[in-house]
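Asker: just need the structure, nothing else, for what follows:
(4 chains)
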Protein chains: 2
Amino acid sequence: MTEPDPAPRARLTRDRVLQAAVELADASGIDSLTMRKLGVELGVEAMSLYNHVANKSDLLDGMIDAVVGQIELPPTGTAWRTAMDLRAHSLRRVLTRHPWATVLMDSRASPGPATLHHHEYVVGTLRDAGFSIEFAAHAFSLMDSYIYGFVLQQNNLPPDAAATAELARQITAKFASGDYPHLTEMAVEYVLQPDYSYAAEFAFGLDLILDGLERSLRS
Amino acid sequence: MTEPDPAPRARLTRDRVLQAAVELADASGIDSLTMRKLGVELGVEAMSLYNHVANKSDLLDGMIDAVVGQIELPPTGTAWRTAMDLRAHSLRRVLTRHPWATVLMDSRASPGPATLHHHEYVVGTLRDAGFSIEFAAHAFSLMDSYIYGFVLQQNNLPPDAAATAELARQITAKFASGDYPHLTEMAVEYVLQPDYSYAAEFAFGLDLILDGLERSLRS
DNA sequence: ACCTGAACACCGTTCAAGT
DNA sequence: ACCTGAACACCGTTCAAGT
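Answerer: Down below sits the predicted model:
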């Protein structure tokens, strides 16, 4: 009887804590991510978590870096526009899967290794394509502002067509129906159409931005 | 002696509550905005606030609408590109003044009158300029994604040059200095230069976007 | 070295009670 | 009609105690 314990609980590690935290935030929202609930999820007292993360801020930093690590980066050598296009779409998908991460960015100041590697990849791709330092900085800021802002707005929208219609109904009920003619028109004739999908708007803006960057690079 | 009370405390109103809440969030951050502290600020018990706002979520909705009301909208009839340019810069300034509002957008589902009026203005300006409904929706999404995302990133940056240099020092200390050559180059030769200002990056992206929209409109 | 339980200083919100 | 105080069910985190 050298190993008598029946399925001894897997040892707690920083990675297990971070993964469980990401899953809890995905499933229940970032407000439901408390040290106590995370402890329950891991079958442990909340205080045990402090052996693996310094505090809640450190936990959030680790979660963000884990999410950034999920973003697909095309192999080095890929043409810059293709690489930036694929990376942008992957980033949007990752943030859509982990909506809380979009907003958490705002308060995280200490980037982890995955974040630094990601940034190095983007800046390197642009520099290798012939962008000047200054122009690469402009391009990086523009692309990521658009991507993060898009997901921020996407998260703010009603989750489906039924909820969208319900919101439109509430608005028109609360205010005189003639108050917002252009909003009403856009809702009725476009947003409330059965085949409308906000996610599809993403490619329009991204293509316009990449077209603009390509034009600037050639001139 | 018809009015004997010496300077009777101004009656609490919803507007006074909202204004004090905005000031408290501006001064101390959104995490410091608690019902108890807001009560102290207004010289009242926390529970009194519930006579003027339904709950904390309603308070946040009201704060957002108050902030949206601060955005300057050029007079109707202004050329669309000028109007969109001025409105974008005003929106950036307003969100810079109230950084917590950028992120709060994410969780607010019920738009107030100022928000609806603002959206009506933007859609109306684009439609009057000849944008189709679908194209106006694309343009609105693109502009606001960029503006909100830009401020989100801006808020995430160190507040001044000294703090930026300190962050760069921490990163290079934590990792081998050769790990991130392009990031290091961009930091040393651009971001850490004394005259660098991230806010100045805003116009580059906005102009590129408005150029692209103008081109699409003409074609 | 890691986990626990009690404790502290907080939260949002309810409810009965005051004026 | 509006404001109050006590209470309830939560938080993050400290700390002494266990193994």
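Asker: tilt between the helix of greatest length in chain A and helix B:133-156?
Answerer: Ranked by residue count, the top helix of chain A under DSSP state H comes out as helix A:133-156. Calculated by axes from the mean of the first three to the mean of the last three Cα atoms, to 10 degrees, helix A:133-156 forms an angle of 110 degrees with helix B:133-156.
Asker: so how far is helix A:133-156 from its chain's centroid?
Answerer: Centroid separation for helix A:133-156 versus its chain: 12 Å, with Cα atoms, centre = their mean, to the nearest Å.
Asker: point to the helix or strand of chain A where mean pLDDT is at its lowest.
Answerer: helix A:161-174 (a mean of 85; mean pLDDT, DSSP states H and E).
Asker: was I right to think A:L12 contacts A:M47?
Answerer: No. Judged on Cβ atoms under 8 Å, A:L12 makes no contact with A:M47 at a distance of 11.7 Å. To be clear about C-beta, it is placed using only N, CA and C from the backbone, and glycine gets the same treatment.
Asker: between those two, who's got more neighbours?
Answerer: Taking other Cβ atoms under 10 Å in any protein chain shown, A:L12 and A:M47 do not tie; A:L12 has more neighbours (17 against 10).
Asker: for the more buried one, what are phi and psi?
Answerer: Per-residue torsions, A:L12: phi -70, psi 130 (degrees, to the nearest 10).
Asker: got it, and A:Q70?
Answerer: According to degrees, to the nearest 10, A:Q70 has phi -80, psi -10.
Asker: show the pLDDT at the closest residue to it other than its chain neighbours.
Answerer: In space, and not counting its chain neighbours, A:Q70 is closest to A:V94: 4.9 Å by Cβ to Cβ, 6 or more residues apart in numbering or on different chains. A:V94 is assigned a predicted lDDT (pLDDT) of 98.
Asker: please report how far A:V94 lies from A:D26.
Answerer: Spatial separation of A:V94 from A:D26 under the definition Cβ to Cβ, to the nearest Å is 11 Å.
Asker: tally of neighbours for the closest residue to chain B within chain A?
Answerer: Proximity of chain A to chain B (Cβ to the nearest Cβ) peaks at A:G149, 2.6 Å away. Neighbours of A:G149 under the rule other Cβ under 10 Å: 27.
Asker: repeat that for A:L152.
Answerer: There are 24 residues near A:L152, going by other Cβ under 10 Å.
Asker: wait, it sits on B:Q153?
Answerer: No. Using Cβ under 8 Å, A:L152 makes no contact with B:Q153, being 11.2 Å away.
Asker: next, A:P159: secondary structure please.
Answerer: coil (DSSP: H, G, I helix; E, B strand; the rest coil).
Asker: now it, what are its backbone angles?
Answerer: phi -70, psi -30.
Asker: and for A:S132?
Answerer: Per degrees, to the nearest 10, the backbone of A:S132 is at phi -70, psi 160.
Asker: residue nearest the centroid of chain A?
Answerer: A:L95 (2.0 Å; Cα atoms, centre = their mean).
Asker: list the contacts of that one.
Answerer: Taking Cβ atoms under 8 Å, 6 or more residues apart in numbering or on different chains as the contact definition, A:L95 lies against A:V67, A:A101, A:T102, A:I147, A:Y148, A:V151.
Asker: one more: A:S107?
Answerer: With Cβ under 8 Å, 6+ apart, A:S107 has these contacts: A:L60, B:N156.
Asker: mind checking pLDDT for it?
Answerer: 77.
Asker: likewise A:E214?
Answerer: 98.
Asker: could you report the neighbour count for it?
Answerer: A:E214: 13 neighbours (other Cβ under 10 Å).
Asker: surely it and A:R81 touch.
Answerer: Yes. Assessed by Cβ under 8 Å, A:E214 is found in contact with A:R81 at 6.3 Å.
Asker: and the helices in chain A?
Answerer: A:14-28, A:35-41, A:56-68, A:80-97, A:99-104, A:113-128, A:133-156, A:161-174, A:181-186, A:201-218.
Asker: mean pLDDT lowest for which of the ones you listed?
Answerer: Across the helices of chain A, the lowest-scoring stretch is helix A:161-174, with a mean of 85.
Asker: which parts of it are buried?
Answerer: Buried residues in helix A:161-174, counted by 16 or more other Cβ atoms under 10 Å in any protein chain shown: A:T164, A:L167, A:A168, A:I171, A:T172.
Asker: so which bits of chain A are right by DNA strand D?
Answerer: A:L33, A:T34, A:M35, A:R36, A:K37, A:A46, A:M47, A:Y50, A:N55, A:K56, A:S57 (Cβ under 7 Å from any atom of the strand).
Asker: need the nearest residue in space to the fourth one, chain neighbours excluded.
Answerer: Okay, so that is A:R36. A:A46 (4.4 Å).
Asker: tell me how far A:A161 lies from DNA strand D.
Answerer: 33 Å (Cβ to the nearest atom of the strand, to the nearest Å).
Asker: contacts only, for the residue of chain A closest to chain B.
Answerer: B:D144, B:S145, B:Y146, B:I147, B:Y148, B:G149, B:F150, B:L152.
Asker: save those residues as JSON lines, and put in distance to B:D106 too.
Answerer: Shown next, in JSON lines, are those (distance: Cβ to Cβ, whole Å):
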{"residue": "B:D144", "distance to B:D106": "13"}
{"residue": "B:S145", "distance to B:D106": "13"}
{"residue": "B:Y146", "distance to B:D106": "16"}
{"residue": "B:I147", "distance to B:D106": "14"}
{"residue": "B:Y148", "distance to B:D106": "9"}
{"residue": "B:G149", "distance to B:D106": "12"}
{"residue": "B:F150", "distance to B:D106": "15"}
{"residue": "B:L152", "distance to B:D106": "10"}
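Asker: give me every residue that touches A:L167.
Answerer: A:P158, B:A109, B:S110.
Asker: what do you get for A:L116?
Answerer: So A:L116 contacts B:I171, B:F175, B:D179, B:Y180, B:L183 (Cβ under 8 Å, 6+ apart).
Asker: all good on my end, thank you.
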